[in-house]
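Participant: got a sequence here, can you model it:
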Amino acid sequence: MHLSFQRNLGVVDRVIRIAGGIVLAYLAIFYPLIVSSTVRIILGVFGIFMIVEGFLAYWLIYDLLGWSTYKSGNKA
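Facilitator: Here you go, the predicted model:
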């Protein structure tokens, strides 16, 4: 198994990841009475990971599966 660590997320994937990460982080921070502390921590960690993946345009699972939605002509 060889990991390339090159961009493999297209623009749509990146936007969805960043938006989803922001929503999860928001729920973890601003809704302490609705969800338990364990769930808040999990939501926060997943939210942060999704935001970082979106900005880096790289997802490990896509790399392991050999998938890519990134098009080399993208400027984002």
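
Participant: in the chain, which spans are helices?
Facilitator: Chain-ordered helices for the chain, with DSSP state H as the definition, fall at 11-30, 37-56, 60-65.

Participant: and the last one, which residues are buried?
Facilitator: Of the residues in helix 60-65, those buried under the neighbour-count criterion (16 or more other Cβ atoms under 10 Å) are Y62, D63. The way it works is simple: take the backbone N, C-alpha and C, and place the C-beta from them, glycine included.

Participant: one more: stretch 35-52?
Facilitator: Across stretch 35-52, burial judged by 16+ other Cβ under 10 Å covers R40, L43, G44, G47, M50, I51.

Participant: now stretch 62-75
Facilitator: Neighbour-count burial for stretch 62-75 [16+ other Cβ under 10 Å]: Y62, D63, S68, T69, Y70.

Participant: biggest separation within those, which pair?
Facilitator: Farthest pair in these (Cβ to Cβ) is D63 and T69. Separation: 12.1 Å.

Participant: got a markdown table for the buried residues of stretch 35-52, with pLDDT too?
Facilitator: Formatted as a markdown table, those follow (pLDDT from 0 to 100):
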| residue | pLDDT |
| --- | --- |
| R40 | 89 |
| L43 | 91 |
| G44 | 93 |
| G47 | 96 |
| M50 | 97 |
| I51 | 97 |
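
Participant: nearest residue to the most centrally placed residue in the chain other than its sequence neighbours?
Facilitator: Nearest to the mean C-alpha position of the chain, by Cα atoms, centre = their mean, lies M50 at 2.0 Å. In space, and not counting its chain neighbours, M50 is closest to G21: 3.2 Å by Cβ to Cβ, 6 or more residues apart in numbering.
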